[in-house]
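Trainee: mind looking at a prediction? Sequence and model below.
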Amino acid sequence: MSDESKSGFTRRDLVRGALVGAAAAAVPVKAPAAPASRAIGPQAVAIALKINGKIEKIVVEPRVVLADALRDRIGLTGTKVVCGRGACGACTVLVDGVAQCSCLLLAAEVQGRAITTIEGLKTDSRLAPIQEAFVAADALQCGFCTSGMVMSCKTLLEKNPKPSREEIREAISGNFCRCGTYPHVLDAVERAAGLKTASSSLTIVPAWRPGSDGRRLEEDVRVAQATAEALELEEA
Ligand code: FES
Ligand code: FES
């Protein structure tokens, strides 16, 4: 008995099977059609944005970025635009809880997402702990980077309530401060995280002020640790 009759398959069966398989492989599989995306613009369109828990309806051209919509159309000027190209982090807002550069997002594309700006952090006219910590740690000078910096720090603390200094540095690595407030920002995040108390981080430094008779009056003032370190560096 041949091998073919033992297995029950003839050579002809095998050839026929191969041809059927090849024909099946050659039949193009129709991919499910992608949902057609609706083109909008270039003329202005009506959009609704959910900002700080409130719906804001505006009419903008589809090319308008979220940062400009916030500032110029809605009046939320706490968000700053510095580079306008995603390089400095000044325009950082939260989109569904994630820190993002609002100069890189089209306003029309974030409809239906929850957007939080610096103005949305306070509750009942009280600043959020991270904002209070920035004030207490003197973590700002010109303020252009500050709202973006605060938003990045807030996201960090929500994910990681007790971050290390290294983790804070990493979290703000996309936020540039031209005034060099970085040591104060680290201080602020540690305060907000409860890793440093206000009193433990205040240091007494000598200062002076002009007296009424024009003489120089020496007096001690309490400043944030980071400020004391910066003064020491200046004097050195
Ligand atoms: S203004 Fe958006 S990253 Fe600089
Ligand atoms: S405080 Fe001026 S750029 Fe940061």
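Mentor: Perfect, I can see it now. Ligands and ions are numbered 1, 2, ... in the order given.
Trainee: list the contacts for the spatially most central residue of the chain?
Mentor: For the chain, the residue nearest the mean C-alpha position is residue 99 (2.1 Å; C-alpha atoms, centre = their mean). By C-beta atoms under 8 Å, 6 or more residues apart in numbering, residue 99 lies in contact with 92-93, 151-152, 155. Using the backbone N, CA and C atoms, a C-beta is placed for each residue, glycine as well.
Trainee: now stretch 125-133: average pLDDT?
Mentor: Average pLDDT, stretch 125-133: 92.
Trainee: re earlier: which of the contacts of residue 99 lies closest to ligand 1?
Mentor: Using C-beta to the nearest ligand atom, residue 92 comes nearest to ligand 1 of the contacts of residue 99, at 7.4 Å.
Trainee: can you tell me which residues in the chain are near ligand 1?
Mentor: The interface of the chain toward ligand 1, taken as C-beta under 6 Å from any ligand atom, is made up of 81-84, 86-91, 101, 103.
Trainee: go with 5 Å
Mentor: 81-83, 86, 88, 90-91, 101, 103 (C-beta under 5 Å from any ligand atom).
Trainee: so which of these wins on neighbours?
Mentor: Using other C-beta atoms under 10 Å as the neighbour criterion, residue 91 leads the residues of the chain next to ligand 1 with 28 neighbours.
Trainee: just checking, that one touches residue 69?
Mentor: No - counting by C-beta atoms under 8 Å, residue 91 stays clear of residue 69, with 11.5 Å between them.
Trainee: do a quick rundown of the strands in this structure.
Mentor: For the chain, applying DSSP state E gives strands covering 45-51, 54-60, 92-95, 98-101, 114-116, 202-210, 216-224.
Trainee: so which elements touch the shortest one?
Mentor: The one in question is strand 114-116. Packing partners of strand 114-116 (3 or more C-beta pairs under 8 Å, 6 or more residues apart in numbering; DSSP states H and E): strand 45-51, strand 92-95.
Trainee: parallel or antiparallel, list what pairs with that strand.
Mentor: Strand 114-116 has its sheet partners listed here by DSSP bridges as strand 45-51 (parallel), strand 92-95 (antiparallel).
Trainee: per-residue confidence for the nearest residue to residue 155 once chain neighbours are set aside?
Mentor: Distances taken as C-beta to C-beta, 6 or more residues apart in numbering place residue 99 nearest to residue 155, at 4.4 Å, with adjacent residues excluded. At residue 99, the predicted lDDT confidence score is 96.
Trainee: state the mean pLDDT of stretch 75-89.
Mentor: 97.
Trainee: how close does residue 80 get to residue 169?
Mentor: Residue 80 is 21 Å from residue 169, where distance means C-beta to C-beta, to the nearest Å.
Trainee: of those two, who's got more company?
Mentor: Neighbours of residue 80 and residue 169, each counted by other C-beta under 10 Å, are more numerous for residue 80; the result is 21 against 14.
Trainee: for the spatially closest residue to the more buried one that is not a sequence neighbour, give me its contacts.
Mentor: Nearest residue to residue 80 in three dimensions, chain neighbours excluded: residue 90, at 4.4 Å (C-beta to C-beta, 6+ apart). Counting by C-beta under 8 Å, 6+ apart, residue 90 touches 80-83, 144-145, 147-148, 175-176.
Trainee: those in helices, which ones?
Mentor: 147-148 (DSSP state H).
Trainee: how about TSV for the contacts of residue 90, with distance to residue 43 added?
Mentor: Output for those, formatted as TSV (distance: C-beta to C-beta, whole Å):
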residue	distance to residue 43
80	29
81	24
82	30
83	28
144	33
145	35
147	32
148	31
175	36
176	36
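Trainee: no further queries at this time; thank you.
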